[in-house]
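J.: everything below, folded, please.
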Amino acid sequence: MEEQEYRDPPTAPSETHDGYRALRRRALGTPRLQQFAETLDRAIDNHIRWLARVNRALLCHTLPSPDDLHQHPHTRCQFGTWLNALSEELATHLPQLDQIVRVHTQMHQVARRLLLTSSRGELITPADYDALNHLSEQLRLLMQAQRDQFNQDISTLSRQLSQVFENTAEGVIITDASARILEVNDAFSTITGYPLHEVLGATPALLKSGRQSAAFYRALWDRLLHEGQWAGEIWNRRKDGSDYLEWLSIAAVRNDLGETTHYVGIVSDITEARASEQRLEQLAHYDPLTQLPNRTLLRDRTRQAIAGCYRKGGHLGLLFIDLDGFKAINDAYGHAQGDEMLREVALRIRQNLRSCDTLARLGGDEFVVLLTDVEGRQAVEVVAQKLLASLARPHPSAGGLLRLTASIGGSLYPEHGQNLEQLLHQADCAMYLAKRQGKNRYQIVDGALATA
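T.: Here you go, the predicted structure:
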């Protein structure tokens, strides 16, 4: 059939900027409408050729096409095949489809009847011939109206998508199937520092920061190729060399054959949001002056350490440290000097602990040390002695050398408590006993104190 001689026009992308914008519109949601409009364009052209062929057979008595004499000729043409292949879901989006199908069927049936009449050598009545031409013209007008509606819808969608593309706060990047960049929006350029002309034809590897491993990118592409989408956090690098954290969502755009034609990426810069989260996390779990864990984080680490002792056995040690005479130094030398003294105390205590131990500041001049995996009382006493010696060394200041000591109380798990609050209470009582005994000393909970 002549209709089958039609070939789709080439779809290779134009190298002009307008060509890239056209690719963008198609990638973002108009391919089905575009396909319908092109199908109707072909159907209108083929319809004109079909009518000329039928008229030639009727007027010149040439041999008609076997398809035109088929019992159901409307199903034998390319347009009829396309109509029959449409699913009900798609058909609901074609407002004039029912009327087009009805007129198309009637026209082919009338043409078949006329061709059969002519092939038998019988005369064709003017009324029958006029009916064929009337149905033919009616079908042409219906198809043109539907095609024009598709084109109008495409134009409307293109304008809407273009506005979204240009005005969205998220960066948008569109590539071809080989990941070559075809289009980016202004938000992408704002985030990365790269204008379109500097990334056109390049791949997103241009943005690599080096923070992700090759295995990370292999996993990304594996999921994208098999599932058609990927989303996650990724560190990239701006044109100015600074790194930024982005949330990236990538989706593959496929044609009706299931072949990937484009990739569309949506980029959100979450660097500041993540920094804010980290600042809130820091405030929630760390002392702002010394950057040591606060009571909340100490409670969590104690709970984890107790769980470990429950599984493996062993002991924990807890030291409650209260500085002797800190208020007098703070009043005499000012809060700035007092804050510097607290930071120095934190540093000295930290230097005498293992990496697995936790040093926390509860507030004021009170510090707590959680010792994990200790053998018993003697091990806790050794640490307390080292801390007293370290803290008693003179502290340099703008006003000269300052001397500061501490009173320390200690308790052990599981002997003196089953949670942080119980261990703190026992160590606190032991610390006050050390102060009453003259300060600058330590006291570990004994049997009598533990029952207090």
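J.: need the per-residue pLDDT for the nearest residue to R56 once chain neighbours are set aside.
T.: Spatial nearest neighbour of R56, excluding adjacent residues (CB to CB, 6 or more residues apart in numbering): T62 at 5.6 Å. To be clear about C-beta, it is placed using only N, CA and C from the backbone, and glycine gets the same treatment. T62 carries a pLDDT value of 78.
J.: pLDDT weak spots in the stretch 101-250 of the chain?
T.: Within the stretch 101-250 of the chain, the stretches with pLDDT under 70 are 157-158, 160-161, 164.
J.: could I get the full set of strands for it?
T.: 171-176, 181-184, 229-237, 243-254 (DSSP state E, counting those that start in this stretch).
J.: between the ones you listed, which gets nearest to A328?
T.: Closest approach to A328 among those (CB to CB): strand 243-254, 47.5 Å.
J.: and the following helix or strand past that closest one, which strands flank it?
T.: Sequence-wise, the next helix or strand downstream of strand 243-254 (DSSP states H and E) is strand 260-269. Next to strand 260-269 in the sheet, as set by DSSP bridges, lie strand 171-176 (antiparallel), strand 243-254 (antiparallel).
J.: can you redo those as CSV with distance to D41 and mean neighbour count?
T.: Output for these, formatted as CSV (distance: least, CB to CB, whole Å; neighbours: other CB atoms under 10 Å):
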stretch, distance to D41, mean neighbour count
strand 171-176, 25, 21
strand 243-254, 23, 18
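J.: distance to T156 added to the ones you listed, as a markdown table?
T.: Compiled in a markdown table, the strands paired with strand 260-269 are given as follows (distance: least, CB to CB, whole Å):
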| stretch | distance to T156 |
| --- | --- |
| strand 171-176 | 20 |
| strand 243-254 | 20 |
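J.: wait, which of these is closest to R301?
T.: strand 243-254 (27.5 Å).
J.: tilt between the closest one and strand 229-237?
T.: In terms of direction (axes from the mean of the first three to the mean of the last three CA atoms, to 10 degrees), strand 243-254 departs from strand 229-237 by 150 degrees.
J.: give me the contacts around strand 243-254.
T.: The contact list for strand 243-254 (CB atoms under 8 Å, 6 or more residues apart in numbering) reads 27, 31, 191, 209, 211, 220, 224-225, 228-238, 260-271, 274.
J.: do the same with stretch 389-404
T.: Against stretch 389-404 from outside (CB under 8 Å, 6+ apart): 323-326, 329, 333, 337, 340-341, 344-345, 348-349, 351-352, 405-406, 440.
J.: out of those, which are buried?
T.: By neighbour count, with 16 or more other CB atoms under 10 Å, the contacts of stretch 389-404 hold 323-324, 326, 329, 333, 337, 340-341, 344-345, 348-349, 352, 406, 440 as buried.
J.: related to what we said a few turns ago, out of the contacts of strand 243-254, which are buried?
T.: The neighbour-count criterion (16+ other CB under 10 Å) marks 27, 31, 191, 220, 224, 230, 234-237, 261-270 among these as buried.
J.: this protein - how does it break down into domains?
T.: 2-161, 171-270, 286-450 (automatic domain parsing).
J.: now the ones you listed in JSON lines, with distance to L280?
T.: Conversion of those to JSON lines gives the following (distance: least, CB to CB, whole Å):
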{"stretch": "domain 2-161", "distance to L280": "36"}
{"stretch": "domain 171-270", "distance to L280": "14"}
{"stretch": "domain 286-450", "distance to L280": "11"}
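J.: what score does V445 have for pLDDT?
T.: 92.
J.: how about the contacts made by it?
T.: 409-412, 415-416, 426-427, 429-430.
J.: just the ones of the residues you listed in helices?
T.: Using DSSP state H, the members of the contacts of V445 that fall in helices are 426-427, 429-430.
J.: in CSV: those, plus neighbour count, pLDDT and distance to R112.
T.: Below are the ones in helices among the contacts of V445 laid out as CSV (neighbours: other CB atoms under 10 Å; pLDDT from 0 to 100; distance: CB to CB, whole Å):
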residue, neighbour count, pLDDT, distance to R112
Q426, 25, 96, 103
A427, 28, 96, 102
C429, 18, 95, 107
A430, 26, 95, 107
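J.: pick out whichever of these sits closest to L316.
T.: Among the ones in helices among the contacts of V445, A427 lies closest to L316 (CB to CB), at 11.4 Å.
J.: residues in contact with that closest one?
T.: Here A427 is in contact with 318-320, 368, 409-411, 416, 445 (criterion: CB under 8 Å, 6+ apart).
J.: do the same with Y263
T.: Y263 neighbours (CB under 8 Å, 6+ apart): 174-177, 179, 224, 250-253.
J.: make it 7 Å
T.: 175, 179, 250, 252-253 (CB atoms under 7 Å, 6 or more residues apart in numbering).
J.: any chance of the residues you listed in a markdown table, plus distance to V382?
T.: Below are the contacts of Y263 laid out as a markdown table (distance: CB to CB, whole Å):
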| residue | distance to V382 |
| --- | --- |
| T175 | 63 |
| A179 | 61 |
| I250 | 57 |
| A252 | 63 |
| V253 | 67 |
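J.: mind picking the two most distant members of those residues?
T.: A179 and V253 (12.6 Å).
J.: dump stretch 208-225 to PDB, restricted to CA.
T.: The C-alpha trace of stretch 208-225 is given here as PDB (Å, rounded to 0.1, in the frame of the first residue of the first chain):
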ATOM      1  CA  LYS A 208      33.100  15.600  39.800                       C
ATOM      2  CA  SER A 209      34.500  16.600  43.200                       C
ATOM      3  CA  GLY A 210      36.600  13.400  43.700                       C
ATOM      4  CA  ARG A 211      34.800  12.700  47.000                       C
ATOM      5  CA  GLN A 212      32.900   9.700  45.600                       C
ATOM      6  CA  SER A 213      34.600   6.500  44.600                       C
ATOM      7  CA  ALA A 214      34.400   4.800  41.200                       C
ATOM      8  CA  ALA A 215      32.300   2.100  42.900                       C
ATOM      9  CA  PHE A 216      29.700   4.800  43.800                       C
ATOM     10  CA  TYR A 217      29.300   5.800  40.200                       C
ATOM     11  CA  ARG A 218      29.200   2.200  39.000                       C
ATOM     12  CA  ALA A 219      26.300   1.600  41.400                       C
ATOM     13  CA  LEU A 220      24.600   4.800  40.300                       C
ATOM     14  CA  TRP A 221      24.700   3.800  36.600                       C
ATOM     15  CA  ASP A 222      23.800   0.200  37.300                       C
ATOM     16  CA  ARG A 223      20.600   1.300  39.000                       C
ATOM     17  CA  LEU A 224      19.800   4.000  36.400                       C
ATOM     18  CA  LEU A 225      20.200   1.500  33.500                       C
END
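J.: buried sites along it?
T.: For stretch 208-225, by 16+ other CB under 10 Å, it's 220, 224.
J.: how about residues contacting it?
T.: Under CB under 7 Å, 6+ apart, the answer for stretch 208-225 is 230, 234-237, 243, 250, 252.
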